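Visitor: no sequence for this one, just the structure:
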């Protein structure tokens with residue numbers, strides 16, 4: 001008897017419906033075809049044990065399982081549940097009337113328990129698009145899948161529960177979540193706040209500008225000046241995630257298997273801080289079965305690289321392309337996978353090996369050549385892609401010990417949201433541009449108009465600092481953001497001057 005059940009294959013952050021055709025007929029042996037990997041080929045032993053443990057029998061006949069379409073490779077153990085139910089239906093042990101309405105995914109333990117899978121959210125989104133009634137998933141993935149509205153998301157703890165459901169003996173638990181409630185509950189779910197930071201008003205100003213325009217930042221200063229503390233608080237002043245952003249971000253973390261069992265949608269912007277020993281594959285993604293890297297896991301959020309010069313140069317250089325294109329393509333011989341990578345980069349570094357170059361009190365022992373070699377670990381093309389270069393100085397004791405209350409993240413976020421709203425209106429007809437940092441050269445020339453005196457100011461800065469064409473565009477983008485924050489339609493000279501000020505590493509006293 002031939003029976004069709006349905007499962008799904010995940011490629012990148014998208015899914016493809018897979019038809020699992022199961023035939024039980026006279027003969028011997030178990031055959032599985034349709035480009036399965038080793039995990040799928042080994043499924044017979046898990047499935048046989050799970051069926052027996054659930055009180056049913058494994059047919060002692062020829063079993064042929066075809067995973068269609070056969071042209072795409074299937075990977076992982078998530079097909080176990082669908083294959084097991086197909087075998088039981090083909091051998092007449094369960095009814096097949098409901099099978100065609102559901103996508104089924106889950107790895108089976110030897111005792112019949114259904115284990116979690118990766119990619120439940122993209123699978124459910126594709127199931128809805130393909131017109132399925134619902135999905136049957138492990139309980140650990142149910143809240144994640146339930147983020148897709150108007151879909152029947154059923155949680156199965158073990159194979160027997162799924163069998164009883166199709167035999168109409170018992171209903172499976174339907175999981176529902178209120179997306180609005182999820183967002184409102186977690187919108188300010190941060191353990192840190194800008195009010196914790198004493199002093200450093202100029203650094204807070206720089207980070208507010210960065211958040212308002214989506215700009216990349218590098219913080220340069222001695223040990224203990226507060227660079228890491230400030231960087232960790234940047235997500236608290238970014239605008240809340242929109243539903244579309246949340247879905248896309250959750251899909252990436254779902255595919256990477258990094259969602260908690262109690263999670264549904266990601267409601268706060270991700271903050272990723274890989275160690276400086278990380279590899280280039282870990283940073284941008286890859287592997288034999290390509291997985292998203294840190295730049296994709298930071299999508300719609302912040303990627304923080306502490307001790308930037310300690311990263312291997314090859315690791316830093318692979319970021320140059322995603323910083324510009326805001327996506328990463330991982331190519332293999334027979335296929336390629338695209339992952340989005342639209343993130344804010346915030347980097348932190350000491351100014352020299354000892355950490356005290358340009359320190360107001362402590363003396364640097366490195367010497368100019370050592371400082372130059374240290375700074376040259378970061379290539380010019382990478383620095384050009386960072387809009388704000390901010391010098392961080394140590395906080396004086398009287399500011400650290402002062403009882404004065406400082407602005408909370410919530411207040412700063414309000415101003416950031418106002419500036420982002422201006423940009424949203426400006427780029428309403430440009431679907432690929434959402435903030436000032438994402439403007440291409442053509443849009444910069446249209447939007448960032450400056451006066452003749454402003455051109456003279458910028459020309460003087462270009463000549464003195466030796467800025468590149470890319471740095472010129474970056475200064476204009478930051479100037480536009482500062483103007484938006486002040487509600488100005490025109491870019492004034494003071495906006496340009498402040499943007500030029502935030503190019504510390506282009507100044508002569510930082511070159512050694």
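Guide: Done, it's in. The shown structure was predicted, so the numbers you read here are calculated from the model rather than taken from an experiment. Numbers count the residues shown, from 1 in each chain.
Visitor: and the residue lying closest to residue 115 once chain neighbours are set aside, what does it touch?
Guide: By the measure of Cβ to Cβ, 6 or more residues apart in numbering, the closest residue to residue 115 outside its immediate chain neighbours is residue 107, 4.1 Å from it. Placement of C-beta: from N, CA and C, glycine included. Shown in contact with residue 107 (Cβ atoms under 8 Å, 6 or more residues apart in numbering): 46, 76, 77, 78, 80, 81, 114, 115, 116, 117, 138.
Visitor: same deal with residue 409?
Guide: 190, 193, 194, 195, 233, 236, 237.
Visitor: Can you tell me the closest non-neighbouring residue to it?
Guide: residue 236 (3.7 Å).
Visitor: Now for the one you found, how many residues are close by?
Guide: Residue 236 has 23 neighbours, counted by other Cβ atoms under 10 Å.
Visitor: before we move on, what about residue 264?
Guide: By other Cβ under 10 Å, the burial measure for residue 264, its neighbour count, is 21.
Visitor: Setting the sequence-adjacent residues aside, check what's closest to it.
Guide: With Cβ to Cβ, 6+ apart as the measure, residue 143 is the residue that lies nearest to residue 264, at 4.3 Å, once sequence neighbours are left out.
Visitor: Kindly report the same for residue 370.
Guide: Leaving aside its sequence neighbours, residue 370 is closest to residue 353 (5.9 Å, by Cβ to Cβ, 6+ apart).
Visitor: Would you double-check that the one you found falls in a helix?
Guide: No - according to DSSP: H, G, I helix; E, B strand; the rest coil, residue 353 belongs to no helix; its state is coil.
Visitor: Against residue 332, how distant is it?
Guide: Relative to residue 332, residue 353 is positioned 40 Å away (Cβ to Cβ, to the nearest Å).
Visitor: what sits against the spatially closest residue to residue 448 that is not a sequence neighbour?
Guide: Distances taken as Cβ to Cβ, 6+ apart place residue 476 nearest to residue 448, at 3.9 Å, with adjacent residues excluded. Contact analysis of residue 476 by Cβ under 8 Å, 6+ apart lists 444, 448, 450, 491, 499.
Visitor: Please apply the same query to residue 141.
Guide: The neighbours of residue 141, taking Cβ under 8 Å, 6+ apart as the test, are 105, 116, 117, 120, 261.
Visitor: next one: residue 381
Guide: Residues counted as contacts of residue 381 (Cβ under 8 Å, 6+ apart) are residue 320.
Visitor: Go through the chain and flag its longest strand.
Guide: strand 14-25 (DSSP state E).
Visitor: What are the boundaries of the strands in the stretch 101-250 of the chain?
Guide: Secondary structure of the stretch 101-250 of the chain by DSSP state E, counting those that start in this stretch: the strands cover 102-104, 107-108, 114-115, 134-138, 152-156, 173-174, 217-220.
Visitor: And for the stretch 351-500 of the chain?
Guide: Secondary structure of the stretch 351-500 of the chain, counting by DSSP E, counting those that start in this stretch: strands at 388-391.
Visitor: Pick out the least confidently modelled helix or strand of the protein, by mean pLDDT.
Guide: Taking mean pLDDT, DSSP states H and E as the measure, the chain has helix 397-400 as its least confident helix or strand, at a mean of 62.
Visitor: give me the number of residues near the closest residue to residue 281 other than its chain neighbours?
Guide: When the adjacent residues along the chain are set aside, residue 281 lies closest to residue 287, with 6.4 Å between them (Cβ to Cβ, 6+ apart). Residue 287 has 11 neighbouring residues, counting by other Cβ under 10 Å.
Visitor: Relative to residue 75, how far out is residue 287?
Guide: Going from residue 287 to residue 75 by Cβ to Cβ gives 12 Å.
Visitor: wait, isn't residue 441 in contact with residue 472?
Guide: No - with contact defined as Cβ atoms under 8 Å, residue 441 does not count as touching residue 472 (9.8 Å).
Visitor: circling back: mind listing residues that contact the longest strand of the chain?
Guide: The set of residues that contact strand 14-25 without belonging to it, under Cβ under 8 Å, 6+ apart, is 1-10, 59, 61-69, 72, 74, 79, 82-83, 86-87, 89-91, 103, 119, 122-123, 125-127, 130, 132.
Visitor: Of the residues you listed, grab the buried ones for PyMOL.
Guide: A single PyMOL command selects the buried members of the contacts of strand 14-25 (16 or more other Cβ atoms under 10 Å):
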select buried, resi 3+4+5+6+7+8+9+10+59+63+64+65+66+67+72+74+79+82+83+86+87+89+90+91+103+119+122+123+125+126+127+132
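Visitor: low-scoring stretches of the chain, by residue?
Guide: Where the chain drops to pLDDT under 70, the residues are 184-189, 261-263, 397-404, 504-512.
Visitor: Pull out the buried positions in stretch 360-373.
Guide: Within stretch 360-373, the residues that qualify as buried by neighbour count (16+ other Cβ under 10 Å) are 364, 366, 370, 371.
Visitor: Now do the same contact list for the second one.
Guide: Residue 366 makes contact with 352, 353, 354, 357, 374 under the criterion Cβ under 8 Å, 6+ apart.
Visitor: same thing but at 7 Å, please
Guide: In this structure, residue 366 makes contact with 352, 353, 354, 357, judged by Cβ atoms under 7 Å, 6 or more residues apart in numbering.
Visitor: Count the residues that sit near the last one.
Guide: It refers to residue 357. Burial of residue 357 is recorded as 26 neighbouring residues (other Cβ under 10 Å).
Visitor: now do the first one
Guide: Taking other Cβ under 10 Å as the neighbour definition, residue 352 ends up with a count of 25.
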